[in-house]
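> below: sequence and its predicted model.
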Amino acid sequence: MDENITSCHPILLASEMYADILNSTSMTNHMMKLLKGVKNIKIVPYCYFHNDRMDYEEKKGRVYSDEEPASISYAVEEVDLSDVNDIVSYVVPLYRTKIPKNFKNTRLCGMIGVPIPNEEDPSINQDHYVTYVYENGTLMYFDSAITKNYSKDETYNILIAVFNPEKIIVNKKTFETAGGVSESEYTYIAQNIFCHSWSLWFLFTVLVNEKDMSSINRMAPRAKGTKYDRATLIKIKTFVYDTLLEKLNLSYIKDLNLFESFKYIIENNNPNKYIQIIN
């Protein structure tokens, strides 16, 4: 591993490259490939909610396009995604056009995304993804970066307003502390930038491995603090490397020289100290 790269640490660069490749291809196709063989499930096309529009992936034959998503504007110029009234009035009608009309009697799953504004520098806003499974009036909601205030989150309120579920099951454990935001880019928290992959991990664990939310919570590390963040980082990188890439037909990434650094993590917030966690 070349440590002479000063503009970006090779371990971080490998993670960013993977994230860029994943995000440049259809998330709906990813879900379809990941859940191949799962019976009686309908996948809602991936949608992303801006303040002025909803982006959605378009179907091209049997698959979805990897090109830029299409957009539908809201009925007003700007929507406040933190306002439940705005969500109900303007966001819900658009998202429901992508959901089966008889969803009350349908088992389905999906992924949605929203922007996470950066007040100091709007040019570096982040994206955040969550996934869900809906069946028989029950909504399973998974947010890898969940906090105690999840009921105020845009994604939660969008899905509650769309499905109006009789029962809501939410993960109690956080798998991505602070959503990967950290003052130092070398911490275990900052290296865990995989909310998209955590979202896919949830769908795979629940729908392919047939686990429930209690099992999901038990899969969280028992450690605390820094050791917890280290363990979750190792867990998601191992899942990506050992399982996800093959399921999504992205194994070719392993042949790229730069991706070799993905097998490592930076230790103790020290860019010059690292350890291999994947053989």
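Cool, the structure landed.

> use CA for all of it now, contacts and neighbours both
Noted.

> list the contacts for the residue most central in space within the chain?
Most central in the chain under CA atoms, centre = their mean is residue 196, positioned 2.5 Å from the mean C-alpha point. Applying CA atoms under 8 Å, 6 or more residues apart in numbering to residue 196 gives the contacts 128, 129, 130.

> you'd agree residue 168 is up against residue 141?
Yes: using CA atoms under 8 Å, residue 168 is in contact with residue 141, at 7.4 Å.

> more neighbours: those two, which one.
When residue 168 and residue 141 are compared for neighbours, residue 141 comes out ahead with 22 against 13, by other CA atoms under 10 Å.

> how long is stretch 57-64 end to end?
Stretch 57-64 has an end-to-end distance of 6 Å (criterion: CA to CA, to the nearest Å).

> and that stretch, what's buried?
For stretch 57-64, the neighbour count (16 or more other CA atoms under 10 Å) marks 57, 58, 64 as buried.

> which residues touch the last one?
Just to be clear, that refers to residue 64. So residue 64 contacts 26, 28, 29, 57, 58 (CA under 8 Å, 6+ apart).

> go on, residue 105?
135, 136.

> how far away is it from residue 61?
Separation of residue 105 from residue 61 (CA to CA) stands at 26 Å.

> which residues of the chain fall in helices?
10-23, 27-34, 84-86, 92-95, 154-163, 188-191, 195-203, 213-218, 225-239, 245-247 (DSSP state H).

> packing partners of the fourth one?
Counting contacts by 3 or more CA pairs under 8 Å, 6 or more residues apart in numbering; DSSP states H and E, helix 92-95 packs against helix 154-163.

> can you list contacts of the helix it packs on?
By CA under 8 Å, 6+ apart, helix 154-163 touches 81-82, 84, 87-88, 91-92, 95-96, 112-114, 130, 139, 141, 150-151.
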